[in-house]
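**Q** Here is the input, now give the coordinates:
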Amino acid sequence: SLLITNGAELNALNKIHETPLDKARTKEMKEFLVHLGGKYNTKESQIEGGVPANAPNQVEQKENALSVNEQLFIQRQQMKQEVIQWLQGLVLSEYADNFVDNGYDRFDAVCKMNAEKLKAIGIKMGHIELILQSIEEHKLMQKQMQPGSN
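**A** Reported below is the predicted structural model:
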């Protein structure tokens, strides 16, 4: 902290607002904050003499690009949400955790379920038939939607 204080005092004495080291640290800090989910302030960049506010910059481009893992995570969340919405449509949303906790968080896995598997994850006997009927209807709809299935 003594070095930072002395550096700030030297900058003030020399009427320097920002040294090259300060600029490098600022850039690193901006990238780090973007990595943590922060937003890049283009207005401040414009004030500092950087790129205009309407021009895209490298930090914003990196922020908008999702990693493969992030894309897969989003895709998994969407598939899980489809299963939850399906259960809500059957008025059986109380089983959402049963399905998700046991790995049935996507329709391709749900469509392979049978009465024994449903019972194993804690579905009540009276609801098993409703779920199996809905699975069969879903399979039939998928088959009809395939090209050449008239």
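
**Q** CA only for contacts and neighbour counts going forward, please
**A** Fine.

**Q** now the helices for this structure?
**A** Listed in chain order, the helices found in the chain under DSSP state H are 2-13, 20-35, 42-47, 58-64, 68-89, 96-101, 107-110, 115-120, 125-145.

**Q** And the last one, what does it pack against?
**A** Here helix 125-145 touches helix 115-120, going by 3 or more CA pairs under 8 Å, 6 or more residues apart in numbering; DSSP states H and E.

**Q** contact partners of the helix it packs on?
**A** 125, 128-129, 132 (CA atoms under 8 Å, 6 or more residues apart in numbering).

**Q** Separate out the buried members of these.
**A** Listed as buried from those are 128, 132; burial here means 16 or more other CA atoms under 10 Å.

**Q** which among the contacts of helix 115-120 gets closest to Asp108?
**A** Nearest to Asp108 out of those is Leu132 (CA to CA; 13.9 Å).

**Q** What distance do you get for the closest one to Gln77?
**A** Leu132 sits 23 Å away from Gln77, going by CA to CA, to the nearest Å.
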